[in-house]
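Participant: heads up, no residue letters with this:
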């Protein structure tokens, strides 16, 4: 399961740990963080149609060892729901690479768009 979730190996895992410790302010141990991350990302990567071991499914469907507060959950989903992201030129060096939303296209529902633009898109 580690090979699927961390295709770049141990360095990628350590970058996740460092980032996670940063937004939780060191409240959790490495073991607790990995449990949370593996269960959330494991469930995201689990295909219903694929054959998965009973014990792996049981582990992934069990409750996590930690509970994040609202702000930590938001930060987690912002950073990790599309993990591992595609590499971009000039990406930050914290180990988590950035991803361009909508493949570089402008979001038609963004607040800064004029209302007339939104009406055109929705019509």
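Facilitator: Yep, it's here. These numbers come from a predicted model, not from an experiment. Numbering: from 1, shown residues only.
Participant: now do the contacts for residue 44.
Facilitator: Residues near residue 44 by CB atoms under 8 Å, 6 or more residues apart in numbering: residue 81. C-beta coordinates here come from the backbone N, C-alpha and C atoms, glycine included.
Participant: just the pLDDT for it.
Facilitator: Turning to residue 44, the model gives it a pLDDT of 82.
Participant: please, which helix or strand holds it?
Facilitator: helix 30-45 (DSSP states H and E).
Participant: what are the buried residues along that helix?
Facilitator: 33, 34, 35, 36, 37, 38, 39, 40, 41, 42 (16 or more other CB atoms under 10 Å).
Participant: which two among these are spaced furthest apart?
Facilitator: Between any two of the buried residues of helix 30-45, the greatest separation by CB to CB is 14.0 Å, found for 33 and 42.
Participant: okay, now residue 59: neighbour count?
Facilitator: Neighbourhood size, residue 59 [other CB atoms under 10 Å]: 14.
Participant: excluding residues flanking it in the chain, which one is nearest it?
Facilitator: residue 39 (7.4 Å; CB to CB, 6 or more residues apart in numbering).
Participant: got a list of what that neighbour touches?
Facilitator: 59, 60, 62, 64.
Participant: could you check how far the first one is from residue 52?
Facilitator: Remark: distance between residue 59 and residue 52 (CB to CB, to the nearest Å) = 10 Å.
Participant: ditto for the third one
Facilitator: Here the distance between residue 62 and residue 52 works out to 14 Å (CB to CB).
Participant: got it, and residue 40?
Facilitator: Residue 40 sits 16 Å away from residue 52, taking CB to CB as the criterion.
Participant: and if you look at residue 65?
Facilitator: Residue 65 is 21 Å from residue 52, by CB to CB.
Participant: ditto for residue 80
Facilitator: 21 Å.
Participant: now the helices for the protein?
Facilitator: 2-5, 10-24, 30-45, 54-61, 70-80, 115-122 (DSSP state H).
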